[in-house]
Every structure is written in C-alpha cells, then in structure tokens.
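**Student:** Turn this into a model:
(2 chains)
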Amino acid sequence: MKLKTLASAIALSGATLIAFPSMAADDTIKVGVLHSLSGTMAISETTLKDTVLMMVEEQNKKGGLLGKKLEAVVVDPASNWPLFAEKARELITEKDVDVIFGCWTSVSRKSVLPVIEELNGLMFYPVQYEGEESSKNVFYTGAAPNQQAIPAVNYLKDELGVERWVLAGTDYVYPRTTNKILEAYLKDMGVAEEDIMINYTPFGHSDWQSIVADIAKFGSEGKKTAVVSTINGDANVPFYKELGNQGISSEDIPVVAFSVGEEELSGLDTAPLVGHLAAWNYFQSVETEENEEFITQWKAFTKNPDRVTNDPMEATYIGFNMWANAVTEAGTTDVDAVEQAMIGQETPNLTGGVAVMNKNHHLSKPVLIGEIQDDGQFETVWETEGVVPGDAWSDFLPGSKDLIADWTDPVKCGNYNTETKTCSGQNY
Amino acid sequence: MKYLISFCLLMFASWMPVHAATTEVLLEQLTTTKLSKLPDMVEQLEAQGDESLLPVFRAWLAGDLHFVKDSKTIVVETDVQGKEVYIDPFSQEQLLGLSSKDVKKIKVNNKLRGLLRGVIARIQLTSNNADVREGAVRELLSDIDEDTFATLETLFPKESNSDVKQMMQTALSIYTATDKSNSQITRVTAIEFLGGSLENDVRNVLLKLSRDSNEVVAAAADKALVNINRQVERYALVDQLFFGLSLGSVLLLASIGLAITFGVMGVINMAHGEMIMLGAYTTYVVQLIMPNYIDYSIWVAIPAAFLVSGLMGVLIERLVICRLHGRPLETLLATFGISLILQQLVRTIFSPLNRQVSTPSWMSGSWEINPVLSLTLNRLYILAFALLVFLALVFILKKSSLGLNVRAVSQNRSMAKAMGVKTEWVDAMTFGLGSGIAGIAGVALSQLTNVGPNLGQAYIIDSFMVVVFGGVGNLLGTLVAAFTLGIANKFLEPTTGAVLAAILVLVFIILFIQKRPKGLFPQKGRAAE
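**Tutor:** Predicted coordinates:
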C-alpha cells in the first residue's frame, strides 16, 4: 500500500518535472514546492509536498486559474539549510515559478529569505514559528507565538490552575524565542522566578530519564505543575515514553506541546500519552463539513484510508486557497499585485469560521487546545472565542514591543517602530 | 455519608426502583451533557452511591464509555482480538450488531479523570483485594475531607492487612495534623507518624504545616521534613546511578558491534548506525507479522535482527569493504555512502515517518521499590540484556574457533594466511558478527526510542566515542567506557543541563585521548602493532 502511494507520488512528481516542460512556459501557472523529501525533515515535510500536489490537482479540476492550468514544480532541498536557498533560486530563476510553498524549520526559512527578497519571489510558509519576522515576500499561514503558546498558557493557568511551569524545549531558535516570550509573559502575570524551570535538550535527544525525574521533583512541591513543551520532532517519543514509564500521568503533570500533531502521533503507541495536551489551530477530529471533505479528499489522494491530517496541512490549504483567490482578484500572477491582493483575503477554515490575512502577512485564526486520545486523535477541550490575529512582533519582548508590521500604504514596512515612527533598515 | 446512603439503599429493597430510575435518568443525561458540565454529573452519579456503577466509572476513566446514538443507552467498548465490541456495563454481556458508527464517545478530560479516580478509590475502599484497597487509600491521600476521614476511621479497626492499615493511618494522620481544632499534642503526634512516610502527598502536607501559625506544630513538621528529605536524597542518588547504568547499557549495546568491526578489524564503518536501524525495523516487521503475540515478538525479533543485519554486513563486506582493504579514507567515504543509501532505502520502503513498535506488556511499567524510588522495567531488562550480549561476545571471541581465527587475522594477517586461515572468509564473518550484534542493539533501542530512518545517526558518534575511549580492539575497555560515559553524563546532567553535559563529556574525551592516545585499555605486546 505504502509502496504504491510512494510510487505514484514519485511518478506524479516525476511526471510534472519531465512531461510538462515540453509545453510553452506561458500555458501554465507554476507552483513551486520547496519541501525536504529526504534527510531528517522528510518525516514532516513530505506530507506538505503531497498536500500542495493535491491542492494543485483540485484547482485544475475546477479549471485552473486565469484560464491556465496549474503546474507543480517539486524540488528536494534534502533537509540541508543552505540547499534551501539554492533550490529557491533555482525555482525562481530557472523554473520560473509564480509562487513557492515551502520550508518547515525556521533556519530553512531564514536561509531562503535573502534569495526570495532579492529576486522578489512569493512564498507561503505553513508552520508555527517563533515570530519576530515579517517579510514583504512571505506569507505566514502557521501560528505565531500569540496564536499557540500564549493561549495554551492561559488555558493551563485558568482552567487547570497551574502555578509552576516547566518550559522544556529542543535547543534551537524556535523554542528559545518562544520560551523567552513565555517567560516574560509568565513573569508579567506574577509568577515567581523559582516557579519556572527552563530546560533545553539537543536535537533527537533520546535519554530523558534524569530530565523527567527532575520534572517530577519540580512538580512534587505541592503546587500544580505543567510542562510547556517545544520539544521538536523525534525527541518527543522517548520523552512521552519516559513520562509514562516513570508513572507521571497527565492529571499529575500535564504536558502541552506545540510540535506534536496527528502525524507525529501516528508513529507511536499513544497509550502513555492519553490526556496530555497540544495547542494548534486545527485538529483532524473537529467536525465540520469542510474538514470532512478535506479528509476524504486527502485519503483518496494518498490512497491510504489511515492517513491523518494535521495543522500545517490546514495552513497549506488556507495559504493555497488565499493565493488562488488573490491571483483571481489581481488578474495576474505578478508578485507585487498578488501581494497587495492577498491582504484582507478571507478563506474558510477547516475548523469552521473564516481565516483573514492581515496587513502584517499573518493570519487571524482560532486557537484550539486538545487532549490526546488513545486513537491518536485530539479531543478539543477548549477553544478561543473568535479568531486571534497573528502578531509578527511579540508584545512581551523588550526588543520588539514597539514594532509592528504593516505592508499597506503608507507604512509598507515589516518592522515599523511605533515610538520613533521609523522603519528600521533591517530587511526582514 | 455516601456509603451510609448506599448501604440504606441496598437494605431497603422497596427504594430500589426509585433509585434505579434516577441512575438511569442521570446516565441518559450523560449523553447530552456538555464537557464543561460533566464534573457535576460525576458528583451526582456518585451521590447515587451505587457500587454497580463502578464499571461505568472505570470505562469512563479509560475513555471506553460510549452511548448508542439511537437508544441513548450506555455501552462500554472493549477490544476482542483487535476488533471493537460493545458490552453492557451492568450485565457485562456483549451487545451484538453494534459498530463504531452507531456509537459516540462520552468525553473525558484531565479534570474528569481526576474526579473519577477519586470516585473509584472511594468505592474501592471496601474491595476484597488488599492491593486495591491500599491503592485506593493512597489515591485519596491528596484530598481527604470530613466524609473520607469518617469512612476511613470506621474501616480502620476492621482492616486486617498491615500495609493497608499503615496507609490508612497515614491518611488519618494527614487529616488529624491539618485539622486546627485538634490539640497541639494530637497534631504533633500525627506529624511524628507522618515523618516515617515517603509519600509525595505527605511531603506536601508537611511543607504546608511547616508554615503553620502554631510554632510547635511548625517545628515538628520541619523536623519530619528534614528526616524525609534526607531519605529522598539518598534514593535520588540511587536513581541517578541507575539512570547512568541504563544510559551506559544503551551505549554498550550500540558500540559493541563497532568494537568488533572497528576495534578488531580496523574498518571505520560509518554505516554501523544503519545496522542498528535495520535491527529496529526488523522488530517492527516482526510485530507486523504477529500482531496478536506482541509479548513474544521480541524473542523472534532478536534472532531475526541478527540475521538481517548480519547478512547485510556480510554483503557490504564482500561487495565494498574487501575491495578497499588498507585504504581507511576510502573505506570511510564508501561506508558513509552506504549509510545514506540504506537510510533512503528505508524511507522509500517504509515511508519517512517513524514506525510504531509496541512494548511487550512484561516490559512496560516500573518496579516500585518505594514511593520515591522506582526503576523502569524496560531499562532494567535492557541493562541485563546488554551484559548478556557482552558476555556472549567475549565467549565467542575467546572460546570458539571463529574467535581464534578472528584474533589471529587481526594480529597478523599474512602469518594467519600462511597458517591456512581463510582470511577473506574470516573478514566477512567478523564483519557479519559485528553487524549482527548491531542489529540486536536495534531491537533493544526500538523499545526506547523512535524507529525511523534517522535512528542510526543518533548513535554513530556515541559508538565511536565509546570504542575510542575504551581502547581500540579491547572489549572490556568498551564495557568500562560505556558505563563510565553513561554515569558521568547522568551525574553532570542535573547541574549542567543535557546540552552542556554532552559537550563536557566530549571535551573530557578529547583531553583524555591527548594524554592516552590508545584509550583506557591499550593493547599490549605484538597485537599493539
């Protein structure tokens, strides 16, 4: 089964690469896909490549855009950060794509940024990230910290009465920035220094014994304790296993994670995880018509009835639909025209309601908190009333408090200082 | 109080219909109540005081409670040979003709789980099983109210099991010590009793009491805490030592195969990690083939993994490494290429996603020695397993004819050849043996970490580190090095953090190698050349 899906995916990407170039370039609108298909990040990114291919296929069934068919151009940056920049350059200059959907890790996005700004390309970035950025050429359809981390902390504090906090993360830019924001936010709320424990571990950390023992000790002081986890990727599995083995249940010390979704859960035995939490803008289990249709489509496209959907897929879905609408509205695929048409675009969320693209190139989306169930799905236990607008520059960090991003006239700046009324020379 | 009601209800049969009716009504209301209102429902159901509701509460806690969409009757989902079936919680009879489409789950979240645990514990106080009773009292330690206190007080004299009695006395003492209406001397006596308990809840209570307005009580609590903390710290040290040994056993397993291919044969095998990965994937495939016998799958997986990785090792040796004999740089590059090929191969065959390997039931959970010290079973087994593999390997090298040949070839190739040893065959077998052992390591690692294409990369650096530190070509050195590094790492981690601990260990090894380039146990005599 798996093999067949893969074979067909390869055949499909192969076909788009080989068969279409024979057509004249003007006949199609080219959609670049810049996701790793090999290397460490392939585990997460191949799913998004497939999502874009599915969306392209769907759009072509509806007759394409501006009377032209869409054509996906897939490249493989192989989880190699500098290669992301090279492949982005290749997509824009050689393959002549009109838009790129791509990147997962922040470091890959940072490596693409100079290229995409220099060549005035257009990219959609579909993953939750640490914020502190707004580029004219990038639209961020994943969550900013205030759309994921801050609401999760509020939920723990208000609903579960958490007083002591463990901020555990993998040692790289997203957890470090997010934890810096969270620490400032918690201290603003009057949480004492000794009630916050911050812990960083290397990528792919697999021996969690002493850290989990530390967390258990930290949590045994009589105050309700929770773990806010920005632990990335593979390291989560041994972490949760160790929690289960040391007998720490979700009622004692709940763990809320920002990087654990349906896709990650499908690779592990969820029994020890039941009751732990995750904060996202989308869960597969949310029952709406749009979501049901999307899931059916996805399972049919991947020819696998067990495939799951996740938050970055929804972000890709929203980004793609918005881009399609913006192109239709602008009547061209010209980057500057589409960029302006994008602002204010509205598309239905898969979880109900409408996502809006704001002036700072971030979305307004609802935030959901879910508990992990034994079938690897999430049960929504809390959601924000209405939508939360994504904040490019955090209000809780001293360096970015006064900054805003606004890509409409008259500001037209990604980092505008509202105090000094200047746009800093920084490019992104 | 609640028990009194339930007792009365049971006594007077004439009340039964009324009571049954309200339980029924409540259960039906469950199907329409919102998640946020469900905690009230739990309390109302408990107030019904019906012991027959225990299976309902239990199923709810486990997330198995469902209701039939049409009839609104409550059913419990269970798993019979991998298929979902639904049973009536009261009669335990299977309800036929229901599929997962006909039923809907009754939601449960952490708040409800906490409440349900309390409810179940209160019902189980009168269980026939002493362990269950003890667990129930322990569960109630964290929140003892007047009702629970009264119930425990009536049950206490009747209790025959000394462990349960001890636990009950702890619970009673907690309440007595915190109740400010009691006399000072009663409270201090209760606190003195609590000083002998290691339960976490007891520590929390004492912590609060040490800030009590009554100075004598506060002083007594402080004294008890000091005593408890001393014990806790002692056990924490044992715990840390175990963590170190456990990490050491993982390092030993990962590196022992390399100790043969790199240590004895001198081949820098960058694909060693992928041999481990192949072993882990073999475990996954074995579990896929025998889904109903997960508990025994490990025993099949160990020889299977040895064969798969071993054969792959022989293949690599015959096709690549034997052609690059005496050219270490080319061997390094070639094996690195092989490692990339193997990773992508696994990605293509199995998908880039991690695969799920289940832990057999006898390996899950932990061995609880006391409330502050429990050793996780899977790590305990892996520690024993690593030592076993080590001994077996030493035995093969020292006592078997293959071992003799291997040692002969590694000491003096041309002389061994002259004596009629088939060096090519020995090379292939040695490499196969090292790779096969790596495969076995993969089976063990599949129980601890992700089974994914990158599994091997995570261990390759550590493996080389252990072998070099221990002294190339010396199995005992590998053993000592693995445990030294494991324990050093775990004792550094709490103070420095995981990232810095790893760096410090590396720095230490670099300095050590500067001082003693041949590792802990350098080879002596003619073997050294």
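**Student:** Okay, now the unreliable bits of the stretch 151-300 of chain B?
**Tutor:** Along the stretch 151-300 of chain B, the model assigns pLDDT under 70 to no residue.
**Student:** can you give me the helices in it?
**Tutor:** Ranges of helices within the stretch 151-300 of chain B are B:162-178, B:184-194, B:200-209, B:215-258, B:272-289, B:294-319, based on DSSP state H, counting those that start in this stretch.
**Student:** Please apply the same query to the stretch 1-150 of chain A.
**Tutor:** Using DSSP H, counting those that start in this stretch, the helices of the stretch 1-150 of chain A run over A:2-18, A:42-61, A:81-89, A:106-118, A:149-160.
**Student:** And those, which one averages the lowest pLDDT?
**Tutor:** Mean pLDDT is lowest for helix A:2-18 among those, at a mean of 45.
**Student:** residues in the stretch 351-500 of chain B within reach of chain A, list them.
**Tutor:** B:351-359, B:364-366, B:368, B:374, B:376-379, B:448-450, B:452-454, B:457-458, B:489-490, B:493-494, B:497-499 (C-beta under 8 Å from any C-beta of the partner chain). To be clear about C-beta, it is placed using only N, CA and C from the backbone, and glycine gets the same treatment.
**Student:** rerun that using 7 Å as the cut-off
**Tutor:** Neighbours of chain A within the stretch 351-500 of chain B, by C-beta under 7 Å from any C-beta of the partner chain: B:351-356, B:358-359, B:366, B:374, B:376, B:378, B:448-450, B:452, B:454, B:458, B:490, B:493-494, B:497-499.
**Student:** could you flag which of these are buried?
**Tutor:** Buried members of these, counted by 16 or more other C-beta atoms under 10 Å in any protein chain shown: B:351-356, B:358-359, B:366, B:374, B:376, B:378, B:448-450, B:452, B:454, B:458, B:490, B:493-494, B:497-499.
**Student:** Can you tell me which of the residues you listed end up in strands?
**Tutor:** Counting by DSSP state E, these place B:366, B:374, B:376 in strands.
**Student:** I'd like to know which of these is nearest to residue A:402.
**Tutor:** Nearest to residue A:402 out of these is residue B:376 (C-beta to C-beta; 49.6 Å).
**Student:** just to revisit the earlier point, need the helices of the stretch 151-300 of chain B in JSON lines with distance to residue A:57, can you?
**Tutor:** Converted to JSON lines, those look like this (distance: least, C-beta to C-beta, whole Å):
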{"stretch": "helix B:162-178", "distance to residue A:57": "63"}
{"stretch": "helix B:184-194", "distance to residue A:57": "68"}
{"stretch": "helix B:200-209", "distance to residue A:57": "56"}
{"stretch": "helix B:215-258", "distance to residue A:57": "44"}
{"stretch": "helix B:272-289", "distance to residue A:57": "31"}
{"stretch": "helix B:294-319", "distance to residue A:57": "38"}
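**Student:** State the pLDDT value of the residue nearest to residue A:248 when sequence neighbours are not counted.
**Tutor:** Excluding the flanking residues, the one nearest residue A:248 by C-beta to C-beta, 6 or more residues apart in numbering or on different chains is residue A:216, at 5.7 Å. If you check residue A:216, the pLDDT there is 89.
**Student:** can I assume residue A:216 is in contact with residue A:247?
**Tutor:** No: applying C-beta atoms under 7 Å as the test, residue A:216 and residue A:247 come out as separate, 8.6 Å apart.
**Student:** Give me the more crowded residue out of these two.
**Tutor:** Using other C-beta atoms under 10 Å in any protein chain shown as the criterion, residue A:216 and residue A:247 rank with residue A:216 on top: 18 against 14.
**Student:** next one: the helix or strand harbouring that one to chain centre, how far?
**Tutor:** Under the criterion of DSSP states H and E, residue A:216 resides in helix A:209-218. With C-alpha atoms, centre = their mean, to the nearest Å as the basis, helix A:209-218 stands 29 Å off its chain's centre.
**Student:** Same check on stretch B:366-382?
**Tutor:** Stretch B:366-382 sits 8 Å away from the centroid of its parent chain (C-alpha atoms, centre = their mean).
**Student:** Same check on stretch B:495-514?
**Tutor:** On C-alpha atoms, centre = their mean, the centre of stretch B:495-514 falls 27 Å from the chain's centre.
**Student:** From chain B, how far off is residue A:43?
**Tutor:** According to C-beta to the nearest C-beta, to the nearest Å, residue A:43 and chain B sit 5 Å apart.
**Student:** Apart from its chain neighbours, what residue comes closest to residue 70?
**Tutor:** Going with chain A. Counting by C-beta to C-beta, 6+ apart, the residue nearest residue A:70 is residue A:56, at 4.8 Å.
**Student:** actually it's chain B I care about, not the one you picked
**Tutor:** Of all residues not flanking residue B:70 in the chain, residue B:102 sits nearest, at 7.2 Å (C-beta to C-beta, 6+ apart).
**Student:** again, but for residue A:247
**Tutor:** Of all residues not flanking residue A:247 in the chain, residue B:366 sits nearest, at 6.2 Å (C-beta to C-beta, 6+ apart).
**Student:** so how many other residues sit close to residue B:171?
**Tutor:** Neighbour count of residue B:171, defined by other C-beta under 10 Å: 23.
**Student:** So it sits against residue B:144, correct?
**Tutor:** Yes: using C-beta under 7 Å, residue B:171 is in contact with residue B:144, at 5.8 Å.
**Student:** Ranking the helices of the stretch 151-300 of chain B by mean neighbour count, which comes first?
**Tutor:** Most buried of the helices of the stretch 151-300 of chain B, by mean neighbour count (mean count of other C-beta atoms under 10 Å in any protein chain shown): helix B:272-289, with a mean of 25.
**Student:** How about that one and chain A, any contact?
**Tutor:** No: Helix B:272-289 lies apart from chain A when judged by C-beta under 7 Å from any C-beta; the minimum separation is 10.5 Å.
**Student:** packing partners for that helix?
**Tutor:** helix B:215-258, helix B:294-319, helix B:328-350, helix B:423-445, helix B:457-470 (3 or more C-beta pairs under 7 Å, 6 or more residues apart in numbering or on different chains; DSSP states H and E).
**Student:** do the first one and chain A meet at all?
**Tutor:** The one in question is helix B:215-258. Yes: judged by C-beta under 7 Å from any C-beta, helix B:215-258 comes into contact with chain A through B:239-240, B:243, B:246-247.
**Student:** for stretch B:468-484, the distance to its chain's centre please.
**Tutor:** Worked out by C-alpha atoms, centre = their mean, stretch B:468-484 lies 27 Å from the chain centre.
**Student:** swap that for stretch B:240-251, sorry
**Tutor:** From the chain centre to the centre of stretch B:240-251 is a distance of 14 Å (C-alpha atoms, centre = their mean).
**Student:** send the alpha carbons of it over as CSV?
**Tutor:** The C-alpha coordinates for stretch B:240-251 follow below in CSV (Å, rounded to 0.1, in the frame of the first residue of the first chain):
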residue,chain,number,x,y,z
GLN,B,240,20.8,8.7,39.3
LEU,B,241,23.2,5.8,39.4
PHE,B,242,20.5,3.6,37.7
PHE,B,243,20.0,6.2,35.0
GLY,B,244,23.7,6.3,34.4
LEU,B,245,23.9,2.5,34.2
SER,B,246,21.0,2.4,31.9
LEU,B,247,22.5,5.0,29.5
GLY,B,248,25.7,3.1,29.8
SER,B,249,24.0,-0.1,28.7
VAL,B,250,22.5,1.6,25.7
LEU,B,251,25.9,2.9,24.8
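**Student:** excluding its backbone neighbours, what's nearest the one residue sitting closest to the centre of chain A?
**Tutor:** In chain A, the residue lying closest to the centroid (C-alpha atoms, centre = their mean) is residue A:127, at 1.6 Å. The shortest distance from residue A:127 to any non-neighbouring residue, by C-beta to C-beta, 6+ apart, is to residue A:142 (4.4 Å).
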